[in-house]
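> Requesting a structural model of the entry that follows:
(one chain, ligands or ions: 1)
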Amino acid sequence: MRELGKHFFIAAVCFLSACTIAVAQNADWTTIHNGIEWTDTEGYIVQAHGGNFLQHGDRWYLIGEDRARSWNPDVNLYSTDDFVTWKFEGKIIKNFVTHEALGNTRMIERPKLMYNNKTRKFVVWCHWEARDYSASEAAVFESDSVAGPYECVWTGRPCDTKSRDCNVFVDNDGQAYFISTTDENTNLGLFKLSDDYHAAVSKTLLFEGQRREAPAIAHIGDTYYMISSACTGWDPNQAKIATSDAIDKNWSPLENIGDRIAFDTQASSILTIKGTEQTAYIYVGDRWMDPDLPRSKIIMLPIFFENGKMVLRYYDSWQIDLKRGLIRTP
Ligand code: DGJ
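A predicted model of the protein is given here:
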C-alpha cells in the first residue's frame, strides 16, 4: 500500500510539473517595476515624463519630457515591445532647434503623441508655456515619421482659451480631442480637433469651477472614464474618477480613486492593451519631484473593475502577458 502511495505521489508530482512547464511555455509574463528609474538599451535613465503612449505597427512609443534639463525639457521618444526594454528614438522636439521660442521664451510640458490615420502624420499636442505660466498656451507639432523631424504647426490658446496641463484622447472613430485645464486652472476644456488634428474647432467646459488637471481619458465599452487630479502644483493629491456615456456631457460627480495621494502620482495616461484573451487597462502616472524633477518616475498600475467601478491599487511590481492581455498581481 505504501509502495502504491509512493508511485501515486511520484506520478502526481510529474503531472503537476508537466502542467507547470506547459503553463510557463504558454505564458509570456512581463514584470513591470514601479518606483525605480527605468533605463534604456544604452543604460541611460528613461526621461519621458508627463507624456503618453502610442501603439503603432508592432511597437509601442513613449513620448515625454526630458527632465534632465529640469525646467526646460526637450521632448524624448522611446520605443518598446515589452514596457521593460526601452530604445531611445531621439529628441523629437528640441530647445532652440524645433522652434526659436523654445528654450528662450517658451517651454513644453505634457507632450502627447497621436497618429492621424487620414493624413498618415504623427501629431504632438502639448502645453506651451512661459516661465511664469502667464502664456497659458498650447502647441502642435507634426511629422511624417514617428521619430521626426517634427515641425511646429501652430501655437496659441485653443478657441482663445487660457490652457495649461493637458492631454489628448482619440476616440474609436478617430475623432481626436485636446483636453486641458483652462481659465486659470478653473475648468477642464474639452476641445474637439479638426480632421487633420491641427486645430481646436470647438470647446466644451467640463467640471466647471472644480479645478481639475492632469486629465486622462479611456473609452471602455459604452463608458468614458476620466481620471484627474486636483490643482496642487507638482504635489500629488487624491485622484478622482468620473464616468459618462458621452465624452462632452453627462459626466458623473467626481469620486475618489486610489489612495489619498494617488500613490504619489498624477495621471498622465490610461493605456489600452488589446490581448487575444482580454483587454488590459493600465494607469500611467508621473511621480514628480522624487526627490527632484530629473528623477521623477513613471508609475504603471493595473486597472481593475469591481462591482462596475474602476479600482486602482499599488504594486511595487506586477505582471502582464501582453499577447493575451492578462494581468497577474502579487
Ligand atoms: C501642475 C501639474 O499638477 C503638474 O503635474 C505639472 O504638470 C505641473 N503643472 C507643470 O507645470
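> Could I get the buried residue list for stretch 62-81?
For stretch 62-81, the neighbour count (16 or more other CB atoms under 10 Å) marks 62-67, 72-80 as buried. For the C-beta atoms, the positions are set from N, CA and C on the backbone; glycine is no exception.
> My read is that Pro236 contacts Asp259, right?
No. Look at Pro236 against Asp259 with CB atoms under 8 Å: they stay out of range, at 9.5 Å.
> Would you mind telling me which of the two has the busier surroundings?
Comparing Pro236 with Asp259 by other CB atoms under 10 Å, the one with more neighbours is Pro236, at 24 against 14.
> pretty sure Ile93 contacts Arg106?
No. Contact between Ile93 and Arg106 fails when scored by CB under 8 Å: they sit 11.3 Å apart.
> OK, contacts around the residue in the stretch 1-150 of the chain that the ligand sits nearest to?
The ligand sits closest to Glu109 of the stretch 1-150 of the chain, with a gap of 5.0 Å, by CB to the nearest ligand atom. Glu109 makes contacts with 50, 65, 73, 126-127, 129, 165, as judged by CB atoms under 8 Å, 6 or more residues apart in numbering.
> can you list the weak-confidence ranges in this protein?
1-27 (pLDDT under 70).
> try it again with 90
Counting by pLDDT under 90, the chain contains low-confidence residues at 1-27, 69-71, 289-292.
> Could I get the full set of helices for it?
2-26 (DSSP state H).
> So which bits of it are right by the ligand?
Residues of the chain lying close to the ligand by CB under 6 Å from any ligand atom are 50, 109-110, 165, 213-214, 229, 233-234, 266, 288.
> Pull up the overlap in contacts between Ile93 and Arg106.
His99.
> of the two, who's got more company?
With neighbours defined as other CB under 10 Å, Ile93 and Arg106 compare such that Ile93 has more, 28 against 20.
> Which residue, neighbours along the chain excluded, lies closest to the more buried one?
Val75 (3.8 Å; CB to CB, 6 or more residues apart in numbering).
> which residues touch the one you found?
Listed by CB under 8 Å, 6+ apart, the contact set of Val75 reads 63-66, 91-94, 108, 111, 124, 126.
> The residue in the chain that the ligand sits nearest to: how many residues sit nearby?
The minimum distance from the chain to the ligand, using CB to the nearest ligand atom, falls at Gln266 (4.4 Å). A count of nearby residues for Gln266, using other CB under 10 Å, gives 27.
> That one contacts Ser229, doesn't it?
Yes. Shown here, Gln266 and Ser229 form a contact pair, counting by CB under 8 Å, at 4.5 Å.
> any residues in contact with both of these two?
Shared contacts of Gln266 and Ser229, defined by CB under 8 Å, 6+ apart, are found at 213-214, 236-237, 239.
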